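Student: heads up, no residue letters with this:
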Ligand code: RM4
Ligand code: MN
């Protein structure tokens, strides 16, 4: 079996943005392990990210995190990315690593601290103008640890006002994307804990404000594909942060913990017009590679998304609708499962070769010697990690 020309050409629309922070060292609260060759600065992170695109053709852009990826001249960084064959993508703000933000940022009671957090976002928008980025992604660590610690309603109101000021600065072709997370670092309540809160906040801002769905930010057994359906239905699914989880916000390789869930999500993305040129939903990874090599970890990740996208594209939509109309429960379910159980890997290998890409990107990268090269070249300096 080979892909139909429809599936083959739809696969060409796929673009998955990589997080610069995936190439730095990361770990748990217990230990951060270093790896030889880990980037020391944003330039090296982008060079590594470009390898993923070179071997897969799937990841033409890289997201930056500010201040971790601050540089003196963003035009120089942009040029470096272009020379490496990638673009600079989403700018992620960071209001969770400064002493001032202990009790919150955009929802903080103190005018000075709220001002500082808003100004940080305005600085991020200036950076977007220099990098040519479209999206400002906001994830807030704001929340409380104990009942009664603060007035939740007041926090919501202050956050709405602060977001409005930030949104008003977003350019005509730019977007504000608000990410939610059920818990952590706050353990009693988060100010943006769920898609409903994110939706309520962005809906009040305007058309260019949308929701970011990070697949790791839900309670166990949440039906994430339902949320995908609903946000697409409302025209508000701005982006995905893909990763996978077994327990909490594990940030493991997307499709590793629950490949079937990734399939179900992608089926709804296709159904709702969120894929490729159909819509404006950005695919991004938000992952950390604590113990595995980072570049192959990212290659594995984008391949996992591509494999599940191919399977979701194989769903026989007409037959599915017919079975649904007939009320044939088992037939409808069987049609979905047939697509899920199809091994698309041989077809994808052929698809890649036809497009001048290696049939097996994991092996081709391993054979390239790049990891040994960076381990030899990148001596001295401080390896990037959380905080840089
Ligand atoms: C957060 C959230 C954000 C990411 C940071 C590093 O938990 O998922 O998207 O920017 O982590
Ligand atoms: Mn995220």
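Tutor: In hand now; what should we look at? All values reported here derive from a predicted model rather than from experimental measurement. Ligands and ions are numbered 1, 2, ... in the order given.

Student: the residue of the chain found nearest ligand 1: neighbour count?
Tutor: Residue nearest to ligand 1 within the chain: residue 139 (3.9 Å; Cβ to the nearest ligand atom). Every C-beta, even on glycine, is put in place using the N, C-alpha and C of the backbone. A count of neighbours around residue 139, defined by other Cβ atoms under 10 Å, yields 21.

Student: what parts of this structure come near ligand 1?
Tutor: 21, 65, 92, 139, 179, 181, 214, 241, 249, 286 (Cβ under 6 Å from any ligand atom).

Student: now those in a markdown table, with secondary structure, pLDDT and distance to ligand 2?
Tutor: Shown next, in a markdown table, are these (DSSP: H, G, I helix; E, B strand; the rest coil; pLDDT from 0 to 100; distance: Cβ to the ion, whole Å):
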| residue | secondary structure | pLDDT | distance to ligand 2 |
| --- | --- | --- | --- |
| 21 | helix | 98 | 10 |
| 65 | strand | 98 | 10 |
| 92 | strand | 98 | 8 |
| 139 | strand | 98 | 6 |
| 179 | strand | 99 | 5 |
| 181 | coil | 98 | 8 |
| 214 | strand | 98 | 4 |
| 241 | strand | 98 | 3 |
| 249 | coil | 96 | 8 |
| 286 | coil | 98 | 4 |
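
Student: turn these into CSV, columns for distance to residue 347.
Tutor: Below are these laid out as CSV (distance: Cβ to Cβ, whole Å):
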residue, distance to residue 347
21, 33
65, 36
92, 35
139, 37
179, 34
181, 36
214, 30
241, 28
249, 34
286, 28
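
Student: may I see the ChimeraX selection of the buried members of these?
Tutor: To isolate the buried ones among the residues of the chain next to ligand 1 in ChimeraX, judged by 16 or more other Cβ atoms under 10 Å, type:
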select :21,65,92,139,179,181,214,241,249,286
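
Student: and residue 102, which of the three is it?
Tutor: helix (DSSP: H, G, I helix; E, B strand; the rest coil).

Student: so what's residue 224 up against?
Tutor: Counting by Cβ atoms under 8 Å, 6 or more residues apart in numbering, residue 224 makes contact with 213, 215, 218, 261, 264-265.

Student: whoops, I mixed them up, residue 92
Tutor: Contacts of residue 92 by Cβ under 8 Å, 6+ apart are 19, 63-66, 137, 139.

Student: pick the one among those closest to residue 171.
Tutor: residue 137 (15.3 Å; Cβ to Cβ).

Student: separation between the closest one and residue 243?
Tutor: Distance check for residue 137 against residue 243: by Cβ to Cβ, to the nearest Å, it reads 14 Å.

Student: what do you get for residue 92?
Tutor: 14 Å.

Student: what of residue 285?
Tutor: 7 Å.

Student: would you mind listing what in this protein touches ligand 2?
Tutor: 214, 241, 286 (Cβ under 5 Å from the ion).

Student: which residue comes closest to residue 254 once chain neighbours are left out?
Tutor: Spatial nearest neighbour of residue 254, chain neighbours left out: residue 242 (4.1 Å); criterion: Cβ to Cβ, 6 or more residues apart in numbering.

Student: my guess is that neighbour contacts residue 256. True?
Tutor: No. Using Cβ atoms under 8 Å, residue 242 is not in contact with residue 256, being 10.9 Å away.

Student: could you confirm residue 167 falls within a strand?
Tutor: No. Under three-state DSSP, residue 167 falls outside any strand and is assigned helix.

Student: so who does the closest residue to it other than its chain neighbours touch?
Tutor: Nearest in space to residue 167, with sequence neighbours left out and distances taken as Cβ to Cβ, 6+ apart, is residue 205 at 4.4 Å. Residues in contact with residue 205 (Cβ under 8 Å, 6+ apart) are 163-164, 167, 176.

Student: whichever of those residues end up buried, select them in PyMOL.
Tutor: Remark: buried members of these, expressed as a PyMOL selection using 16+ other Cβ under 10 Å:
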select buried, resi 163+167+176
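
Student: among the contacts of residue 205, which are located in helices?
Tutor: The members of the contacts of residue 205 that map onto helices under DSSP state H are 163-164, 167.

Student: list the buried residues for the helix or strand hosting residue 332?
Tutor: Element membership for residue 332, per DSSP states H and E: helix 329-340. Within helix 329-340, the residues scored as buried using 16+ other Cβ under 10 Å are 332, 335-336, 339-340.

Student: now distance to residue 58 and pLDDT too, for those, in CSV please.
Tutor: CSV is the format used below for these (distance: Cβ to Cβ, whole Å; pLDDT from 0 to 100):
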residue, distance to residue 58, pLDDT
332, 31, 98
335, 27, 98
336, 24, 98
339, 20, 98
340, 21, 98
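
Student: of all these, which comes closest to ligand 2?
Tutor: residue 340 (25.8 Å; Cβ to the ion).

Student: show the contacting residues for the closest one.
Tutor: Residue 340 sits next to 260, 263, 311 when contact means Cβ under 8 Å, 6+ apart.
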